[in-house]
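Provide a 3D model corresponding to the input given below.
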Amino acid sequence: MARDQIDMTPLQSRDELVAWLAAGVKPPSEFRIGTEHEKTPFTLDGRHPVPYEGAKGIGALLEGMKLLLGWEPIVERGNIIGLYDVTGGGAISLEPGGQFELSGAPVENVHQTQAELMAHLAQVREIATPLGIGFLGLGMTPSWSRAQIPVMPKGRYKIMTNYMPKVGQYGLDMMYRTCTVQTNLDFSSEADMVKKLRVSLALQPVATALFANSPFTEGKPNGFLSFRSEIWRDTDNARSGMLPWAFEDGMGFERYVDYALDVPMYFVKRGDAYIDVAGSSFRAFFDGRNNSLPGERPTLSDWANHLSTIFPEVRLKRYLEMRGADGVPWGRLPALPAFWVGLLYDNQSLDAAWDIVKHWSAHERQALRDDVPRFGFKARIRDRYLFEIAKECVTLAHSGLRRRGRVDHLGRDESRHLEPLERILECGRTPAEEMLDKYNGAWAGSIEPVYQEYAF
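The predicted structure follows:
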């Protein structure tokens, strides 16, 4: 969600909203992979949150990155809040609590994702280490209270911060305390989009379990393996969840537009200003009935921005976004695009994955999604443990990547990036359970070692 779109053409008809989504259709030869990951900055001295201001703050980190990379700064009211790579399409942005996000450029294979990630980490370290800043690869800040976390100077976050407590108990935790890794993938037609959306929605709990990595809150186990995933169950249910209607007949771009029209908005951006319209629907705005902007019609920019404030487990824009995974240490990050590319970009694996999920009911899918934050691989659907399904999916992803046959300079295909997931399945425990074992064993009930073992 790096950049707010700029296209101020007023919209005339619903068809334009549909056409905007449909413009994402691409031939398979042009399919790309985009990977976004967030990491929590902390002070190496004392392990505190990092403020925006000051000689060793997040602002200074971004200024340093700007000089190092030569990327265009994204500035809001005089504050640098992100960077944009004009040539490659990558971006760096800030989440509300200072979580530092790389939105990777669209690349052709997972090897390139890994190369981009390694370059990014080397660049960030070069600037961050002298500033005394480290980064943590967890799905949620393990030791800080919400009150301790500084607020980044972005107008949209102020509006969201005011609105969140009205619609769920965990919205502010989602904003200020969580981190994710996300993969964005293309589709070749409306039917291909629908199939990929259904498969990835149904199987998102598999990714949640494989990447479950947020078992601590404020220094203690919180009773969950992915508390980040639990947070999304009560953040704002009007804009998140498993989209049960996506499995009904007649699903397509139009159906998603109708859903998005009724999702409450957060803001409208006019010039540099964010206008708070929180709680009113895009549909009302479309009809000229927005109380803050009476008689005004939305623009394509408003539509693109609104779509980026909808948070289902899989989100449709001009591509599909896989949103179910916790942030993890750098060695495991490329495994997420590898998993979804292997399942969704190979037709044989996609068909096989659809065979796994096609008989599940909306109620069963929801129950699995509800159970996975606490139980991980031990969650069940029908008579199967999620562990078995995860094994099957990783095998399918492996075959899909082998068939894709994209090799690196050593002749290895992309399936090698699944190794971290294969190791997790071999030991039968989610990353969070492994961390809890350490907490109860070698770490002797302290989470301090996490700042070394799980740092970037």
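
return the set of buried residues in stretch 446-455.
I447, V450, Y451, Y454, A455 (16 or more other CB atoms under 10 Å). Quick note: C-beta positions are derived from backbone N, CA and C, even for glycine.

tell me how far the ends of it are from each other?
Length of stretch 446-455, first residue to last, CA to CA, to the nearest Å: 16 Å.

now that stretch: how far from the chain's centre is it?
Distance of stretch 446-455 from the chain centroid (CA atoms, centre = their mean, to the nearest Å) equals 23 Å.

can you flag which of the buried residues of stretch 446-455 belong to helices?
Of the buried residues of stretch 446-455, the ones assigned to helices by DSSP state H are V450, Y451.

give the buried residues for the helix or strand where R423 lies.
Element membership for R423 (DSSP states H and E) is helix 419-427. Judged by neighbour count using 16+ other CB under 10 Å, the buried positions of helix 419-427 are P420, L421, I424, L425.

counting neighbours, what do you get for Y385?
14 (other CB atoms under 10 Å).

likewise P150?
There are 17 residues near P150, going by other CB under 10 Å.

can you show me the CA trace of the helix holding R423 as PDB?
Taking Å, rounded to 0.1, in the frame of the first residue of the first chain, the C-alpha atoms of helix 419-427 are listed here in PDB:
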ATOM      1  CA  GLU A 419      13.000 -25.600   1.800                       C
ATOM      2  CA  PRO A 420      12.100 -23.600   5.000                       C
ATOM      3  CA  LEU A 421       8.500 -24.800   4.700                       C
ATOM      4  CA  GLU A 422       9.600 -28.400   4.000                       C
ATOM      5  CA  ARG A 423      11.700 -28.300   7.200                       C
ATOM      6  CA  ILE A 424       8.700 -27.000   9.200                       C
ATOM      7  CA  LEU A 425       6.600 -29.900   7.900                       C
ATOM      8  CA  GLU A 426       9.400 -32.400   8.700                       C
ATOM      9  CA  CYS A 427       9.400 -31.400  12.400                       C
END
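
quick one: average pLDDT of it?
Mean pLDDT, computed over helix 419-427, is 98.

mind listing what's buried along the helix or strand following that helix?
The first helix or strand that comes after helix 419-427 along the chain, using DSSP H and E, is helix 431-440. The neighbour-count check on helix 431-440 (16+ other CB under 10 Å) flags P431, A432, E433, M435, L436, Y439 as buried.

for R404, state which of these is nearest.
P431 (26.1 Å; CB to CB).

about what we covered before: would you mind putting the buried residues of helix 419-427 into a markdown table with distance to I149 alongside?
Converted to a markdown table, those look like this (distance: CB to CB, whole Å):
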| residue | distance to I149 |
| --- | --- |
| P420 | 29 |
| L421 | 31 |
| I424 | 30 |
| L425 | 34 |
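
any idea which of those residues is closest to W330?
P420 (10.7 Å).

so who does that closest one touch?
P420 sits next to G331, R332, A335 when contact means CB atoms under 8 Å, 6 or more residues apart in numbering.

show me the contacts for the last one.
If a contact means CB under 8 Å, 6+ apart, then A335 has L210, H417, L418, E419, P420, L421 as its contacts.

surely V181 meets Q99?
No. Between V181 and Q99 there is no contact under CB atoms under 8 Å: 11.7 Å.

what's the overlap in contacts for these two?
Common neighbours of V181 and Q99, using CB under 8 Å, 6+ apart, are E38.

the stretch 101-250 of the chain: helices as residue ranges?
110-128, 155-163, 171-177, 190-210, 227-232 (DSSP state H, counting those that start in this stretch).

deepest-packed of those, please.
helix 227-232 (a mean of 26; mean count of other CB atoms under 10 Å).

tell me what that helix is packed against?
The contact analysis (3 or more CB pairs under 8 Å, 6 or more residues apart in numbering; DSSP states H and E) places helix 227-232 against helix 171-177, strand 320-326, helix 362-375.

single out the most deeply packed of those.
Buried most deeply of the helices and strands packed on helix 227-232, by mean count of other CB under 10 Å, is strand 320-326, with a mean of 25.

what's the angle between that strand and helix 362-375?
40 degrees (axes from the mean of the first three to the mean of the last three CA atoms, to 10 degrees).

now the helix or strand following strand 320-326: mean pLDDT?
Where DSSP H and E defines the elements, the next helix or strand beyond strand 320-326 is helix 335-344. For helix 335-344, mean pLDDT rounds to 98.

quick one: the residue nearest to L436 when sequence neighbours are not counted from W360, how far?
Distance criterion CB to CB, 6 or more residues apart in numbering; nearest residue to L436, sequence neighbours excluded, is P215 at 5.4 Å. For P215, the distance to W360 (CB to CB, to the nearest Å) stands at 27 Å.

more neighbours, those two?
Just comparing P215 and W360: by other CB under 10 Å the higher neighbour count belongs to P215, 28 against 16.

model confidence score at the more buried one, please.
98.

quick one, phi psi at it?
Dihedral pair for P215: phi -90, psi 0, per degrees, to the nearest 10.

wait, it sits on A432?
Yes. Under the criterion of CB under 8 Å, P215 makes contact with A432 at 4.2 Å.

common neighbours of the two, please.
Common neighbours of P215 and A432 (criterion: CB under 8 Å, 6+ apart): F224, L225, S226.

turn those into CSV, including distance to G59.
Output for these, formatted as CSV (distance: CB to CB, whole Å):
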residue, distance to G59
F224, 33
L225, 35
S226, 31
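
residues contacting the strand or helix carrying N305, please?
Assigned by DSSP H and E, N305 falls within helix 300-307. If you take CB under 8 Å, 6+ apart as the criterion, helix 300-307 is touched by 4-9, 11, 16-17, 20, 260, 263, 265, 267-269, 282, 285, 298, 315-317.
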